[in-house]
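1. Only the shape, not the letters, is given here:
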């Protein structure tokens, strides 16, 4: 059984930030969690607004908590706002951010390895960077689309 390695988590972070720089995006905060929800890697670029790491953490943690990418959580929040509010209450108010940018990390065989959360630009751009990082590590992204 292969877990999310530190090297893979660092690749995810560095490639996500590289994608942001080549796309001219705003400064990002990137958080990578393993399948248990433990912090594996994190970086916040110079010039981000306050609390970007915490927002990124909420995107990743929410994806792990519900087992779906945060794009799907966003759709669910629109369709079932009481459910998402209740889940937020149960797991903690800063532990679920229901917008795109929280992407599950899967192995090639479909096993859940963790999640990445990114915050700093638009939610769609955050998600694009997360996907780029995950793919650069040779892993499979699950956005919830």
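-> In hand now; what should we look at? What you see is a predicted model, and the numbers here were worked out from it, not measured in a lab. Residues are numbered from 1 along each chain as shown.
2. wait, what's in contact with the residue nearest in space to the middle of the chain?
-> Centroid-nearest residue in the chain, with C-alpha atoms, centre = their mean: residue 117, separated by 2.1 Å. Counting by C-beta atoms under 8 Å, 6 or more residues apart in numbering, residue 117 touches 30-31, 33, 55-61, 63, 70, 97, 101-103, 130. The way it works is simple: take the backbone N, C-alpha and C, and place the C-beta from them, glycine included.
3. So which elements touch the longest helix anywhere in the chain?
-> Determined from DSSP state H, the single longest helix within the chain is helix 6-22. Here helix 6-22 is seen to pack against strand 29-34, strand 39-44, strand 112-119, helix 123-136 when contacts are counted using 3 or more C-beta pairs under 8 Å, 6 or more residues apart in numbering; DSSP states H and E.
4. Deepest-packed of those, please.
-> The highest average neighbour count among these, using mean count of other C-beta atoms under 10 Å, belongs to strand 112-119 at a mean of 28.
5. pLDDT below threshold where in this protein?
-> Scanning the chain with the threshold set as pLDDT under 70 gives 1-2, 93-94.
6. chain center to stretch 124-140, what's the gap?
-> Distance of stretch 124-140 from the chain centroid (C-alpha atoms, centre = their mean, to the nearest Å) equals 9 Å.
7. Which residues outside it are in contact with it?
-> Defining contact as C-beta under 8 Å, 6+ apart, one finds that stretch 124-140 is touched by 8-9, 11-20, 23, 25, 28, 30, 56, 59, 70-71, 100-103, 105-108, 110, 113, 116-121, 141, 143.
8. I'd like to know how far the closest residue to residue 118 other than its chain neighbours sits from residue 48.
-> Leaving aside its chain neighbours, residue 118 sits nearest to residue 126 (4.1 Å; criterion: C-beta to C-beta, 6 or more residues apart in numbering). Applying C-beta to C-beta, to the nearest Å, the value for residue 126 to residue 48 is 12 Å.
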